[in-house]
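Participant: let's see this in three dimensions:
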Amino acid sequence: MKYTIDKQEKYTLIRLHEEKLDSNAAPQLKSEMVTLHAEGVRNIILDLSEVKYTDSSGLSALLVGNRILQEDGGIFILACLSDHTTKLIKISQLDSVLHILPTVEEGIDAVFMHEIEKDMKEED
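Facilitator: Below you'll find the predicted structure:
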């Protein structure tokens, strides 16, 4: 699986450089997210702009990322989804579970909003 990782203070951006998020790429994506989480990453933005096709194993990897980050109060954001991936998520009724935004920039804004909200809750 080809991808790049850009680690920032508040989030990590993963850009997939694959046309398919399927049974070939999904296990590696899962293990990468689990590893990042173990290293202390709490917020991940996954840029899927190059991904044209996603199957059930790809969807499973996305759900794993979402679950492990939410359990720690983090946020998992999907950005730049293809029409195919968007349809698959809607058909699976996961559009209410996953955070989906049109651009990476909006994803970054969402991470900062999430962090501010989290900080405000901790102060209460």
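Participant: what's stretch 115-122 in contact with?
Facilitator: Lys10, Asn43, Gly73 (Cβ atoms under 8 Å, 6 or more residues apart in numbering). The way it works is simple: take the backbone N, C-alpha and C, and place the C-beta from them, glycine included.
Participant: may I see the buried residues of that stretch?
Facilitator: Glu115 (16 or more other Cβ atoms under 10 Å).
Participant: what do you get for stretch 80-97?
Facilitator: By 16+ other Cβ under 10 Å, the buried positions in stretch 80-97 come out as Cys80, Leu81, Ser82, Thr85, Leu88, Ile89.
Participant: same deal with stretch 45-61?
Facilitator: In stretch 45-61, counting by 16+ other Cβ under 10 Å, buried: Ile45, Leu46, Asp47, Leu48, Glu50, Val51, Thr54, Asp55, Ser57, Gly58, Leu59, Ala61.
Participant: contacting residues around the fifth one?
Facilitator: Put plainly, it is Glu50. Counting by Cβ under 8 Å, 6+ apart, Glu50 touches Arg15, Leu16, His17, Glu18, Glu19.
Participant: His37 contacts Phe76, correct?
Facilitator: No - judged on Cβ atoms under 8 Å, His37 makes no contact with Phe76 at a distance of 9.9 Å.
Participant: overlap of the contact sets of those two?
Facilitator: Contacts common to His37 and Phe76, judged by Cβ under 8 Å, 6+ apart, are Leu69.
Participant: of these two, who's got more company?
Facilitator: The neighbour count for His37 versus Phe76, taken as other Cβ atoms under 10 Å, is higher for Phe76 (24 against 20).
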